[in-house]
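In: Return atomic coordinates for the entry below.
(chains A and B)
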Amino acid sequence: MFDNNLRGMIDDVKDGRMDRRAFVKRMIAVGLTAPMANQILSLGGVAMAQSPNPYKPTKRGGGGPLKLLWWQGPTLLNPHFATGTKDQDGSRIFYEPLASWDVDGHLNPILAAEIPSIQNGGLSADAKSVTWKLKPGVKWHDGKPFSADDVVFTWEYASDPATAAVSSATYAGMTVEKVDNLTIRIKFEKPTPFWANAFVGAYGCVIPKHLFAEFKGGKSREAPTNLKPVGTGPYKFIEFKPGDLIRGEINPDYHMANRPYFDTIEMKGGGDAVSAARAVIQTGEYDFAWNIQVEDEVLLRLEKGGKGKTLYAVGGDIEFIAINFTDPNTEVDGERSSMKTKHPILSDPRVRQALALLVDRESIKKVIYGRAGRATANYLNGPEEFVSKNTKWEFSVEKASALLEQAGWKAGSDGIREKDGKKLKLLYQTSINGPRQKTQAIVKQACQKAGIDVELKSVVASVFFSSDVANPDTYAHFYADIEMFQIPMTQPDPALHMRRYHSRNVATKENKWQGPNFPRWTNKDYDAAVDAAETETDPIKRADLYIKCNDLIWQDNVMIPVMHRLAVEACSNTVRPALSGWANQTDNLQDWYRET
Amino acid sequence: MSQYILRRLMIAIPSLLGISVVLFVVLALAPGDPFSELATNPNVPPEVQAALRTKFGLDDPIYLRYLHWLAAMVQGDWGFSFVSRINVDTLILQRLPTTLYVVGSSQLLALLIAIPVGVFAATRPYSLFDQLANTFAFIGFSLPTFFTGILFILVFSVKLDWLPFVYTDVPGSGIPWLLEMIRQAIMPVMVLGLFQAASMTRFVRSAMLDVIRLDYVTTARAKGLGQAKVIVKHVMRNAMIPVVTLIALQMPAVFGGAIVTEQIFRIPGIGSLLISSILANDTPVVMAVTFVFACLVVLFNLIADVLYGWLDPRISFR
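Out: Numbering: from 1, shown residues only, chains lettered A, B, ... in the order given. This is a model prediction of the structure:
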């Protein structure tokens, strides 16, 4: 029913009976987000509105310096080698993609002349090709003209395995061809409903062919431009010290009118999040600081009478507790948590359900995350159209106890439940990180009340997140009963996020624990839904499939969501940044200005 | 003398080799992965991480990696950082001027305080000045730099708003630039310098007291030499021998930077390079910095020994 209504409304917009804004508003009213509404419209054949970020300055430059504080400084400036978000943020100052995600989650054309849609012929009905028209008259910082050749080259560069680009997956499974000097066409091997991945956002940055052509493949590290970026961005490169400082100056030939506002830009690295917040909010030495993962209590204190404030951007990052479906204590063929075993305690769905009832998300939000978190029952928390309305969560020690009782776990003399002489004892691991240890303590306390003995373990982050095959303490080995960490959502589409838990992706010794399905959960319905969604071109059906995936995870209690985390930034009271929860902080740097 | 130096240098080679083996093995056995940041990024499939590991030779056995490293090092190739893919020598040279400036000035400040205060306190032991100097020295080296650093920030940056607490290379030149460079270095130099000065003052004082009671000093006084001449020419020259050892052994630390203080004030020195490389498991950089450090320790030990001979000709080189 919803399906038909929506189709009718899309037609209304197409024929001009309903305006675009009203459509988006209606969608938001039924729980969709603006970016999804727009994607629906563009797939439905309605051209996307060009909705630039609010921007007041009426001339280019004159804004003085913009001082950014990244407490982990960027270490390299080639967007296709950008290991961490800090490197992507730094590269993005100089390089630009064809389009960025703007504040409202729309695609905002940067190097593209327009956003592809079915109406303007940019998108094909079978979702197998995208045609991008490029903005004419754009120049690289060295004065050479920007053209379709550069875009095609970027694809060749990133997809060449010998280059070892971290963006290679973004450019896999497609070919990019030049149509004319200002038009390129992407051809996908399979129908690709989410087409706005290549050439959009951080890994979408286009690099100049004339400077990188000789350094494609094995020689990629030797390119002098790796250290002295030449892009099309709003700021030109002056100086770079890895891990410490990036300095740039205004690009007088920038391709957008009246932009940028600032004369120089500085991105300083080093230190820690608390003192970064202090330098922006309290002393005003810096204009903007990134990723302020600081307890809300501290931020509130700094904000009192300060020179700045915190800003929050909503994305889809989820902090969760994952359940091990295999037995971490039995070794089979030199591998613990082997697929040949079943978890002796947690394979019982009632125990998993009881655990979910014991995670007090409201207290965790209140005590730890504050304004930077939202309690949720869902693993998939955005964009809005993919968020399930069928799920709910609650915290109840009584209900959990009743469930355990039902499952045959009876309280022993020491208060710990046992069944068939086996104690209800779980090992709960996570990385070393203040909020995580506090969450562990809160969960442990509730579990104790319900008669579950929880042993806490915390592993140094550099080990926990490493791919070291020999180290048993990584999250992928998962040699514990339950574990907790965060998985970020790097684009406003759930495909990558949900593909992880497909049965074929189980982490095993055979694939050196590189399979991303670390809970080792297998479910035929889930596999089928993910497979179907990967090629489903109807946005509404596709969203339904991903909602189904989320609901399956919820029903089976594979992942117990702890917190939907928001990005927290510190910003001077006068600077007006353009931020999006779906992109890097610098993804709309051209639209930043200072209110005077 | 030159034979002595040559012999010492020859002895240094096996010990440096030994140091490098130990460093390399410890780093190779340490857990972690320079590309761990990629692991939770759903945009990057695990194959990319594996390809990078293979490309940078991280999957080779340890002895092969060590031999590769050693062969390259002998030819002056320090390798490149896994994290920034920049040559390690470039990275270190970039950080060196700041380290020398900040840590060097703090050592200088420490000497300028410690020697006069220590000498003066020793000439009047248990006087009011001596008591005061001792008390402050005790306070000084009891307070760790991470504490005084934050205290200084709270007082001078947050409350009084006099000094910036983020150290950054300001662009430009001329007097205003020079003043800005001095202004932002005041807090870190004070924190480091006062800490060093405290322990050094105690050291100078006790070295002076050991010498000042000797018979030859009494003889010098009996000859009718003035107090200043006795102290400076006769007492200080001998008392300085242990002090020189201390200073010489601290010189490598000037190059190594001050890890904690650099972190607090965001000083882009070698210490902060070292700590961020360790956190990122950037083995080539950690290896290079620690190895340079080891070389400097060996070198300055030699320099200290040579200086002894100059300060006290009775010490001969054999």
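
In: Just the buried positions in the lowest-mean-pLDDT helix or strand in chain B, please.
Out: In chain B, the helix or strand scored least confidently by mean pLDDT, DSSP states H and E is helix B:46-55, which has a mean of 75. By neighbour count, and taking 16 or more other C-beta atoms under 10 Å in any protein chain shown as the criterion, the buried residues in helix B:46-55 are B:46, B:48-53, B:55. C-beta: built from backbone N, CA, C; applies to glycine.

In: can you give me the helices in the stretch 151-300 of chain B?
Out: Chain-ordered helices for the stretch 151-300 of chain B, with DSSP state H, counting those that start in this stretch as the definition, fall at B:174-212, B:215-222, B:227-229, B:237-256, B:259-265, B:270-279, B:283-311.

In: okay if I get the ones you listed as a markdown table plus mean pLDDT and mean neighbour count?
Out: Converted to a markdown table, the helices of the stretch 151-300 of chain B look like this (pLDDT from 0 to 100; neighbours: other C-beta atoms under 10 Å in any protein chain shown):
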| stretch | mean pLDDT | mean neighbour count |
| --- | --- | --- |
| helix B:174-212 | 88 | 19 |
| helix B:215-222 | 87 | 12 |
| helix B:227-229 | 85 | 10 |
| helix B:237-256 | 79 | 18 |
| helix B:259-265 | 85 | 23 |
| helix B:270-279 | 86 | 24 |
| helix B:283-311 | 84 | 19 |
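
In: Is it possible to get JSON lines of the ones you listed that adds distance to A:Gly515?
Out: JSON lines is the format used below for the helices of the stretch 151-300 of chain B (distance: least, C-beta to C-beta, whole Å):
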{"stretch": "helix B:174-212", "distance to A:Gly515": "47"}
{"stretch": "helix B:215-222", "distance to A:Gly515": "78"}
{"stretch": "helix B:227-229", "distance to A:Gly515": "79"}
{"stretch": "helix B:237-256", "distance to A:Gly515": "42"}
{"stretch": "helix B:259-265", "distance to A:Gly515": "37"}
{"stretch": "helix B:270-279", "distance to A:Gly515": "27"}
{"stretch": "helix B:283-311", "distance to A:Gly515": "27"}
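
In: Throw the ones you listed into JSON lines and include distance to chain A, thanks.
Out: Conversion of the helices of the stretch 151-300 of chain B to JSON lines gives the following (distance: least, C-beta to the nearest C-beta, whole Å):
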{"stretch": "helix B:174-212", "distance to chain A": "10"}
{"stretch": "helix B:215-222", "distance to chain A": "51"}
{"stretch": "helix B:227-229", "distance to chain A": "47"}
{"stretch": "helix B:237-256", "distance to chain A": "17"}
{"stretch": "helix B:259-265", "distance to chain A": "7"}
{"stretch": "helix B:270-279", "distance to chain A": "5"}
{"stretch": "helix B:283-311", "distance to chain A": "10"}
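
In: Can you name the residues of the stretch 101-250 of chain A that neighbour chain B?
Out: Counting by C-beta under 8 Å from any C-beta of the partner chain, the residues of the stretch 101-250 of chain A lying close to chain B are A:161, A:164-170, A:203, A:221, A:226-227, A:238-239, A:241-245, A:247.

In: What subset of the residues you listed is buried?
Out: Among those, those classed as buried by 16+ other C-beta under 10 Å are A:164-170, A:203, A:221, A:226-227, A:241-245, A:247.

In: Three-state assignment for A:Asn378, please.
Out: Classification of A:Asn378 using DSSP: H, G, I helix; E, B strand; the rest coil returns coil.

In: thinking it is in contact with A:Gln555, fair?
Out: No: with contact taken as C-beta atoms under 8 Å, A:Asn378 and A:Gln555 are classed as non-touching, separated by 11.9 Å.

In: Between those two, point out the one with more neighbours.
Out: The neighbour comparison of A:Asn378 against A:Gln555 (other C-beta atoms under 10 Å in any protein chain shown) goes to A:Asn378, with 24 against 14.

In: so of the residues of the stretch 101-250 of chain A next to chain B, which ones are in strands?
Out: The strands, defined by DSSP state E, take in A:238-239, A:241, A:245, A:247 from these.

In: can you redo those residues as JSON lines with distance to A:Ile323 and pLDDT?
Out: Output for those, formatted as JSON lines (distance: C-beta to C-beta, whole Å; pLDDT from 0 to 100):
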{"residue": "A:Ile238", "distance to A:Ile323": "51", "pLDDT": "94"}
{"residue": "A:Glu239", "distance to A:Ile323": "49", "pLDDT": "91"}
{"residue": "A:Lys241", "distance to A:Ile323": "45", "pLDDT": "89"}
{"residue": "A:Leu245", "distance to A:Ile323": "44", "pLDDT": "91"}
{"residue": "A:Arg247", "distance to A:Ile323": "48", "pLDDT": "93"}
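
In: Closest one to chain B out of those residues, please.
Out: Closest approach to chain B among those (C-beta to the nearest C-beta): A:Lys241, at 5.3 Å.

In: Point out where chain A drops to low pLDDT.
Out: Applying pLDDT under 70 to chain A flags the ranges A:1-52, A:104-105.

In: Could you list the domains of it?
Out: Partitioning chain A according to the TED database yields domains covering residues A:1-44, A:60-94+A:233-314+A:566-595, A:107-224, A:318-565.

In: Pick the most buried one from the ones you listed.
Out: By mean neighbour count, with neighbours taken as mean count of other C-beta atoms under 10 Å in any protein chain shown, domain A:60-94+A:233-314+A:566-595 ranks first of the domains of chain A at a mean of 22.

In: Without its sequence neighbours, what residue ends up closest to A:Lys307?
Out: Nearest non-adjacent residue to A:Lys307, counting by C-beta to C-beta, 6 or more residues apart in numbering or on different chains: A:Gly284, 3.6 Å away.

In: Which residues are in contact with that neighbour?
Out: With contacts taken as C-beta atoms under 8 Å, 6 or more residues apart in numbering or on different chains, A:Gly284 has the following neighbours: A:306-308, A:572.
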